[in-house]
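> everything below, folded, please.
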Amino acid sequence: MSGTPGLGTAASGTTPLSLRTADAVVLLDWLMSVDLDRLPVRNLAQKQALMDLLQRLDRSIPGYTPEDVDQAHRLLTSEMGL
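Residues are numbered from 1 along each chain as shown. A predicted model of the protein is given here:
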């Protein structure tokens, strides 16, 4: 890891990440509904990273509604041409 820029402080550092609200809502909704114990992972750190992402998204967009999820699904699906 020492040869990879930015990973020297991986345990304590943070990486800014910007998501559109629709993307964040869809990801949060999916993470809230998926059974993380059934997801195939190569390392338990992957599951922990998903749980950390879930917590951060939950704090970032509190109080989202089923209507918000439906609207985000429609927006992202339409962008895919579906």
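
> could you list the low-confidence segments of this structure?
1-11 (pLDDT under 70).

> what's the longest helix seen in it packed up against?
Using DSSP state H to define each element, the chain has its longest helix at helix 44-60. For helix 44-60, the packing partners by 3 or more Cβ pairs under 8 Å, 6 or more residues apart in numbering; DSSP states H and E come out as helix 21-33. (C-beta placed from N, C-alpha, C; glycine too.)

> and the helix it packs on, what's buried?
The neighbour-count check on helix 21-33 (16 or more other Cβ atoms under 10 Å) flags 22, 24, 25, 26, 27, 28, 29, 31 as buried.

> list the helices and strands it packs on?
Contact partners of helix 21-33 among helices and strands, from 3+ Cβ pairs under 8 Å, 6+ apart: helix 44-60, helix 66-79.

> now do it: everything it contacts.
Residues outside helix 21-33 that contact it (Cβ atoms under 8 Å, 6 or more residues apart in numbering) are 19, 50, 53-54, 57-58, 60-61, 64, 68-69, 71-73, 75-76.

> repeat that for 10 Å
With Cβ atoms under 10 Å, 6 or more residues apart in numbering as the contact definition, helix 21-33 has outside contacts at 17-20, 50-51, 53-58, 60-62, 64-66, 68-77, 79.

> what's the answer for stretch 64-73, then?
Stretch 64-73 is touched from outside by 20-30, 32-33, 57-58, 61, with contacts defined as Cβ under 10 Å, 6+ apart.

> mind doing that once more with 6 Å?
Applying Cβ atoms under 6 Å, 6 or more residues apart in numbering, the set of residues contacting stretch 64-73 from outside is 22, 25, 26, 29.

> kindly report the same for stretch 35-55.
Residues from elsewhere that reach stretch 35-55 (Cβ under 6 Å, 6+ apart): residue 31.

> coming back round to it: what's the most distant pair in the buried residues of helix 21-33?
Using Cβ to Cβ, the pair of the buried residues of helix 21-33 lying farthest apart is 22 and 31, separated by 15.0 Å.

> on that earlier part again, give me the PyMOL select line for the contacts of helix 21-33, limited to the buried ones.
A single PyMOL command selects the buried members of these (16+ other Cβ under 10 Å):
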select buried, resi 50+54+57+64+68+69+72
